[in-house]
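Peer 1: how would this look folded up:
(chains A and B)
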2 protein chains.
Amino acid sequence: MKLYFVTSNRHKFEEVLALVKELESGIQLEPLGNIRKLEIQGDSLDEIVLFAAENLSREIRVDFFIEDAGLFIDALRGFPGPYSNYVYRTIGCEGILRLMNGITNRNAEFRSIIALCFRGIIKVFRGVCKGKISNEVRGHFGFGFDPIFIPEGSQKTFGEMSTAEKNMHSHRAKAVKLMIEFIRTFIK
Amino acid sequence: MKLYFVTSNRHKFEEVLALVKELESGIQLEPLGNIRKLEIQGDSLDEIVLFAAENLSREIRVDFFIEDAGLFIDALRGFPGPYSNYVYRTIGCEGILRLMNGITNRNAEFRSIIALCFRGIIKVFRGVCKGKISNEVRGHFGFGFDPIFIPEGSQKTFGEMSTAEKNMHSHRAKAVKLMIEFIRTFIK
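Peer 2: Numbering: from 1, shown residues only, chains lettered A, B, ... in the order given. Okay, here's the model as predicted:
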């Protein structure tokens, strides 16, 4: 079956594509990048993604999903959270490290929310990856705050991991796996 | 005439109310706080406010306006900009000072955008207040980032000013004055 991933972020698309292939899901993933996703402001990723999916479902007549993710840092009350993209584009990894300077509690988590619109019904899948903010920028892989996030169970940042390795830990991979499991029950 | 200000921020309401009275505008300002303003994510305040106003105009049948404001810091590529409210609630004034630590270019500006829905037509008014980020938090008046912003032509931060004094400089006051001028041409 064909499934459209509404995103303009090629990194995200590649991560999900790698998983879809690895899991031999029978899904043929296609990017859909030229559609405007209406994102509201909200402190929870859930409401942002659900609003956007409901909106898109009125325009798109094929099976599709969208994904939103954010980095939530404990000591910064969840900042940058739902606005991670904007914060990355302005103050970057460097800004986050500056804010964390001298703070010993470096716990953080990446959250991913997927809203799948499948056969006209919207279903949500979530993935969380706990970890820590590194002391310096490390690695050139991935995107966004990947070079300053060390997932639990690893010494490397996401920025130092290949796509396959990141997918063993990541929030997004967890959410995507749940979605694929769900779809499989229908297409078998 | 009665004019509704759709806001849940009592500080904003008081600032605007003081101006409306001072200018003897003939406007009777009322707060409208129990209505959800739909805010989209966007790098420009204009698109956020216009979208919200168009949305509200379908629900509200009286003359009303909404206002959105943000602090745009040059050295931080405009951060925190349209997400000033969220950034204030998470990293606060302290966080901004930390990000500005050691940075000599402390130029910043507050921007205010008003969308007025008057007799069924939407009109936009803008106000800008240029200034600098202070070296420390000063003053307990105002709200948000007021205690770290020094407007051009003053030594005080907005946090050290009374409402009347802040209204002599502020972005919001400039936008409100333009709106009042506009309305006056109709109600005279």
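Peer 1: So which residues on chain A come close to chain B?
Peer 2: Contact residues, chain A versus chain B (C-beta under 8 Å from any C-beta of the partner chain): A:38-41, A:43, A:48, A:76-83, A:86-87, A:89-91, A:95, A:98-99, A:101. The C-beta positions use only the backbone N, C-alpha and C, and glycine is treated the same way.
Peer 1: and those, which of them are in helices?
Peer 2: Among those, the residues falling in helices (DSSP state H) are A:48, A:86, A:87, A:89, A:90, A:95, A:98, A:99.
Peer 1: burial of the closest residue in space to the first one that isn't next to it in sequence, as a residue count?
Peer 2: So the one you mean is residue A:48. Nearest residue to residue A:48 in three dimensions, chain neighbours excluded: residue A:42, at 5.0 Å (C-beta to C-beta, 6 or more residues apart in numbering or on different chains). Neighbours of residue A:42 under the rule other C-beta atoms under 10 Å in any protein chain shown: 17.
Peer 1: Now residue A:42. Its backbone dihedrals?
Peer 2: phi -170, psi 150 (degrees, to the nearest 10).
Peer 1: what about it, distance to residue A:177?
Peer 2: 25 Å (C-beta to C-beta, to the nearest Å).
Peer 1: Where is the longest helix in chain A?
Peer 2: helix A:171-187.
Peer 1: what comes up buried for that helix?
Peer 2: A:171, A:172, A:173, A:174, A:175, A:176, A:177, A:178, A:179, A:180, A:183 (16 or more other C-beta atoms under 10 Å in any protein chain shown).
Peer 1: Distance of the second one relative to chain B?
Peer 2: It refers to residue A:172. For residue A:172, the distance to chain B equals 19 Å [C-beta to the nearest C-beta, to the nearest Å].
Peer 1: before we move on, the earlier item: of the ones in helices among the residues of chain A next to chain B, which is the nearest to chain B?
Peer 2: Nearest to chain B, judged by C-beta to the nearest C-beta, of these is residue A:90 at 3.6 Å.
Peer 1: What values do phi and psi take at the closest residue to that closest one other than its chain neighbours?
Peer 2: Setting aside the residues directly before and after it, residue A:90 is nearest to residue B:79 in space (C-beta to C-beta, 6+ apart), at 3.6 Å. Residue B:79 has phi and psi values of phi -60, psi 150 when expressed as degrees, to the nearest 10.
Peer 1: Hmm, residue B:79 is touching residue A:92, no?
Peer 2: No. Counting by C-beta atoms under 8 Å, residue B:79 does not reach residue A:92; the two are 9.6 Å apart.
Peer 1: which residues are in contact with stretch A:154-165?
Peer 2: Stretch A:154-165 is contacted from outside by A:14-15, A:18, A:22, A:131, A:134, A:137-142, A:146-151, A:166, A:169-170, using C-beta atoms under 8 Å, 6 or more residues apart in numbering or on different chains.
Peer 1: how about 6 Å then?
Peer 2: Contact partners of stretch A:154-165, identified using C-beta atoms under 6 Å, 6 or more residues apart in numbering or on different chains, comprise A:15, A:18, A:134, A:138, A:139, A:141, A:142, A:146, A:147, A:149, A:150, A:166.
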